[in-house]
Each structure stands twice: as C-alpha cells, then as structure tokens.
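> sequence first, then the predicted structure, then my questions.
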Amino acid sequence: MMHYSVPCWSCCMSGGIYRPELSNREKVRHRSKPGVSVLLESKGGVSYVPTRRLEQTMKTEGLTDNGWPTALSIGLHSAWERQLFTDIVIKTQDEVIHAHKIVLAAASPYFHAMLSGGLMEGLTQTLVLEDIPGDLIRAILTYIYTGTAPLTENNVQEVLTLSDYFQIHALRKLCCYYLANNLTVENCLGVYELAKLHNCFDLSSSSLYVATSQCSEIISHPTFLSVHPETVLKLLEQSYLSIDSEDELLKAVIEWVSNSPSSRAEWLCKLLEKIKMDLVASEVKLKSLETLRERKLLTKEVKEVIFPYDPVDGNSYEERLRNNDHREEVLLVMAGESNGRVLRNIECFKMGLPSWQCTLPSVALRVENQIDNSIVLPCMNDARAYCAVATYNNLVYVIGGQTNNSFLASVERFNIRKNKWDKLSPLPLAIHGTAAAFLDGSLYVAGGKTSVQHENRSWVYDMDKDTWVSREPMINPRLHHGLAALHGSLYAIGGIGPLGANHQVHTSCEKYDPGSDTWMPIASLSRARAYLGVAVIDDYLYAVGGYDGSYWLNSVERYDPLQDQWCSVSSMVSPRSSFGITVSSGRIYCIGGFSGESNLNTVEKYNPSTDTWHCVQSMQLRRYGGVAATVLVPFLPKPNP
C-alpha cells in the first residue's frame, strides 16, 4: 500500500508530526508511566506527546473575562458624558469639552507627549484647539472612549486628517476602510489625493482602481475639473483606462486646462504626451487645435504633440494601444511539487476556458472572436515549493521556498504585461514556509524556517533600493502559516511552532500594526491549523483547510476584525493542505494540495454570499506546496483595417 507523507520534508526530518506507516490504525494507549511518551493514533496521523506535557496543559494558569474591556469602556464613556473626574479642558473652535488626561494619553502618542512632557498643556490642564470644530473633536473622543467611530460622508475626511495628526492609528484605519467602501465616480479622485497626502497606500490604490475602471464617467463629471494636476497626470499614465477611445482623453484634458488656464497651461504638454495621439481621430485633433487657439492655449510645442512630425515607428498596434476595452481576471498557480519533482512552471485559468493551460489567454488580440493562445507563460527562474506569494499592481512576487534538498533566499517577480520573471534582491535568510502580503503598498514577509530554527522575524521590501529591511518580530515563531492584510493591519494565522525538540500546530493568531511596528495577539482559531490557506473578501479573513497535527481539514473559519471573533462557515468538499489560494471575482479558489491520502489537482471555489463550495476545472498537474495569484489580463479589440 502506498503511503503519502506530509509534503514538507524539512519539517518531517526535524521532529516529525506525522508517521505514515501508522496512519490507518485507530487506537490510543492511555496507560503510561509518568514522564513516558503516550502514543496518540488516529486516521489522520500519529504523534508522541510526553505525559508530563499533557499534565501541564491541563493546568489553568489564569482566567480571562472577555467582556471586561467592553464593561470598562462603557464605564469610561459614562464618566465622560457626565463629566465625572475630568481633569483636562479642550477649547475648540466653538465649544469647551471636558475629558480625562489618562484616557487621552493612553489612546494617542500625541496627547501622551503633550501632557507628560512638561508642556503648558499638561501644567494648565487646558488643551487649546481653536482651529478645529467641536463636533470633530467629539467624534475623535467618542472613538477614544467607546471604540465606535461616528463617521459620515461629511466628516470622514476631516476625521482621517485629525486621526493622522493625533497619531490614533486604529481610527485612521477605520476612516480608510469607510472611504474605501464608499468610493464613487464623484469622490474617487478626491479620496485618492487625500490618501496620497496621508500615505494611505491601500486606499490610494483602491481609489485609483475605481478611477481607471470608470474613467469615461469620471472625466466627464464636473468634479474632474477641480482635480490636481499631479492626479490627472497619474490617471493618464495608467496602462488601463475604461474608455471608448483616446478621443475622450484629449477632450477632457483640454476642458480641464481651460477651467483654470493661468495655473494649468504649463501642464498641457505633459498631459497631452500621455495620450496616444496616433489613435485619436484626425477630425478630433483638428477640432482640438481650433479650441486651443480660441482659448489662447495653442503653442508650437502643443501643436507638435497633437500632430507629431514623425509617425510612431517600431511599435506594433498591440503595444501602442491603450487597454481601453476591458480586463478579465486570470488565475495563476505556480511552484510546488508533483511526483517528487519541484516545479518551475505556471498554469493559468480564466472563466470560460475549458481547462487550465500554460499559455496566456487573449493577451495579444481577439481576432474574429477567436482567442489567441500563442503566448506561453514563462517558467520561474528557480524551481521551488513552500514559498510565499503576494500580488500588487498586477505584479506577482514569489519569495523563498525549498528544493528537494535545500532552502532558498531568492525572490522573483512576474510582470504579466511583459510576460517575464525578474530577479529581485534575495531575503536575508534562506527560508521556507514563510508567508507574505502587501500592506499599504509595501511587501511584508514574516516567519518561516531556516536550516537552523523556526523564525519569528519579519521584513519589509524597499522597492526603491531593492533591499529588505527588518521589522519587529512576531510574538511566536511560525511556519506554514497564513499572512494577510485587512483594515490596515497584517494578520498571521496558525502555522507550526517549536515545542522543545518537536513541533506544535498553532491555534494562536496575531496582528501587526505598521504605525507602531508592533505585533499583538488576537482571538485564536477554534482549531489548530498549519499548511492552511488564508484569504480576504470584503471585511472578513478566511482560514481554510490545513493540517492540525493529526487530521487533514476541510473546515473553514471566518474572522471579523471589528469583533475580534472567529466563526465557522461551510466546509470544503475535500480536506486539503499545502494548496494555493487566491480570490477572483469575490470568490475564494483553493487549488491542488494534499488530502491526507493523495496529492490533488482538483480546484474548489467558495461563494461567501451563499456560503457554498463547489468544484471547478482541475489543473493539469497534481501539485502541492504551490502558490496561487490573480492578475488582470487585458482583452484587446481587433485593430481597425
């Protein structure tokens, strides 16, 4: 009978959490002398646990009342509303508000420094904020005392500015979350400018995505005429804009400049250079020249940009064409092991295709409704399994991992538009089982295992310098865990940690605050999980499948960060661990992996709105220890004859 081991050879060699030769017996030896190992067996696996350790785990070291923080918050809020024991006065633009110094200092490093540093505010018990309306200060204080942010479309931008100024990072995250979920054609570019001002990278990315995907509506809306010049330039620089033709952009730029010609005329050439003039209709160009002449904006340089003397040479139609038709999401799966061989290749899938394939669908042309599948996806530079993956701005980063006999520090990045892998600066350590995620536009890597030890260290990638910078280590060493970004924080979920000379599978989870560079514990999983998948949809984080040290899991838990609470949702059809996971069109895809009995090429899809799983097209290869990503591929129209 063939047996399958836990796919990660390095973890099995250093202590072992699974013994395949005993996996089909089902018994438990209860009797043992003190200090002698107890053999625990089940259908899912076998582990040896010293009885002394079992006795220790049964002892209760303390009890926690999870409701006490809420009760304390209610009491503090009541004292504030009734002005009981207040010891500081805040003078605002239109009212005087009483508060408690200790509460302000605990909530804000800004207030802490002001009230404890021997400054006038701390000595006089008076804080003067006469430039700020009282209702905004009350909104800030309401959050400090209750944890509830009274945000509306009328105050959220001002509250974000104040939360940044007062260094209340948690409130800043809630403001970004509120704005990201209320983006419209009218406000998305304004929110983008606000996000850039306050270095809210995820919010600026979301705002820009809305602007590019609804570009026609945005450039024709009256609010576009008040957008800052740098924002207009950034919009025109995007490789994808949802427009019918470049004609729209030319007309919009002329109207934008004409709205304030004295201050914007100097930007005209820069903006026009971002428009693909060879794709603008001749009659539109001629009419634009006439409009600019009437408005006294036409110069020799502007005319040369609109009607260049030299035609565009050396670029094919596909290279010159802006992707203004539409984009579709494509799933990629890469790396991993198959039949004992570590993989370099990529498979991709798009809804509507009959199967997974190794070519990129319709990246070149759609000619007479036939998809061109001639562009082959390139292999990675290094074959690897149990690596980390993260995607940002349509670029896929693959980090670390292992081969058949060694660990990797190498990092590479896949550019879907160039269909090319680029090598980046390696990690400081050769490591496998690590995890990665983007937070506020920065790539973070945390945890993993070297040839020496389990790691709790974390790093952030400096894209400008192509270097890795250390950040605060996690509370617990962990590998084969999940890492995801949600509401401005990083979340490390489950994984394997050291326990003496052996391993333990974590239920523990923690989150990272980039503002304070600190990790803090959060609610634990209801079941220990390693080799799991972690995904984010809307306001929730999902922990999917994995291995608990004895069983391979198909169960799924969902985390609500506002409640700090996990709850169970529908289970997958099949147990699986060491699989690729990604989100596409609001659905979670779990790809390949190991079921506890066999390696998988099957794929399951989860719909959170119906809480259901079902199987979709299987991959070509059985693949475990691989990673998955979702990218946007442009579907280009047929060129005009």
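Here it is on my side, so go on. Numbers count the residues shown, from 1 in each chain.
> L225 belongs to a helix, doesn't it?
Yes. L225 sits within a helix when classified using DSSP: H, G, I helix; E, B strand; the rest coil.
> and the pLDDT for it?
According to the per-residue confidence, L225 scores 95 in pLDDT.
> equivalent analysis for A364, please.
With respect to pLDDT, A364 scores 39.
> do the same with L439
At L439, the pLDDT value in this model is 92.
> now S239
On the pLDDT scale, S239 is placed at 78.
> pLDDT on stretch 190-200, on average?
Here the average pLDDT along stretch 190-200 is 92.
> same check on stretch 270-290?
91.
> distance from it to the middle of the chain?
Mean-position distance between stretch 270-290 and its chain equals 38 Å (CA atoms, centre = their mean, to the nearest Å).
> before we move on, what about stretch 299-306?
43 Å.
> can you list the buried residues in that stretch?
By 16 or more other CB atoms under 10 Å, the buried positions in stretch 299-306 come out as V302, V305, I306. In this view, the C-beta of every residue, glycine as well, is placed from N, C-alpha and C.
> do the same with stretch 292-299
Within stretch 292-299, the residues scored as buried using 16+ other CB under 10 Å are L292, L297, L298.
> which neighbours in the sheet does the helix or strand harbouring W613 have, and how are they oriented?
Secondary structure from DSSP states H and E places W613 in strand 612-616. Here strand 612-616 has these sheet partners by DSSP bridges: strand 599-607 (antiparallel).
> list the buried ones in the strand it pairs with?
Residues of strand 599-607 classed as buried: N599, L600, N601, T602, V603, E604, K605, Y606 (neighbour count, 16+ other CB under 10 Å).
> what's it in contact with?
Residues outside strand 599-607 that contact it (CB atoms under 8 Å, 6 or more residues apart in numbering): 4, 7, 338, 349, 542, 544, 556, 570, 572-574, 576, 579, 586-594, 612-624.
> on the three-state scheme, W256 is what?
Taking three-state DSSP, the label given to W256 is helix.
> typo on my end, it should be L292
Of the three states, L292 takes helix under three-state DSSP.
> distance-wise, check it relative to D538.
To D538, L292 is 46 Å away according to CB to CB, to the nearest Å.
> low-scoring pLDDT stretches of the stretch 201-350 of the chain, where are they?
Scanning the stretch 201-350 of the chain for pLDDT under 70 picks out the ranges 309-326.
> residue ranges of the strands in it, please?
Along the stretch 201-350 of the chain, the segments classed as strands by DSSP state E, counting those that start in this stretch run 326-334, 337-338, 341-342, 346-349.
> just to revisit the earlier point, so which of the buried residues of stretch 292-299 is the closest to L136?
L297 (40.8 Å; CB to CB).
> and that closest one, what is it in contact with?
With contacts defined as CB under 8 Å, 6+ apart, L297 is in contact with I254, V257, S258, P261, A265, L268.
> next one: phi and psi at it?
Dihedral pair for L297: phi -110, psi 0, per degrees, to the nearest 10.
> with pLDDT as added columns, please give the buried residues of strand 599-607 in a markdown table.
Converted to a markdown table, these look like this (pLDDT from 0 to 100):
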| residue | pLDDT |
| --- | --- |
| N599 | 93 |
| L600 | 94 |
| N601 | 94 |
| T602 | 95 |
| V603 | 96 |
| E604 | 96 |
| K605 | 95 |
| Y606 | 96 |
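> closest one of those to N182?
Top of the list for closeness to N182, among these and by CB to CB, is Y606 at 26.2 Å.
> dig out what that closest one forms beta bridges with.
Beta-bridge partners, per DSSP bridges, of Y606: I588, W613.
> just say helix, strand or coil for the spatially closest residue to M474 that is not a sequence neighbour.
Nearest residue to M474 in three dimensions, chain neighbours excluded: N456, at 4.2 Å (CB to CB, 6 or more residues apart in numbering). With three-state DSSP as the basis, N456 sits in strand.
> could you check the angle strand 326-334 makes with the strand holding W613?
80 degrees (axes from the mean of the first three to the mean of the last three CA atoms, to 10 degrees).
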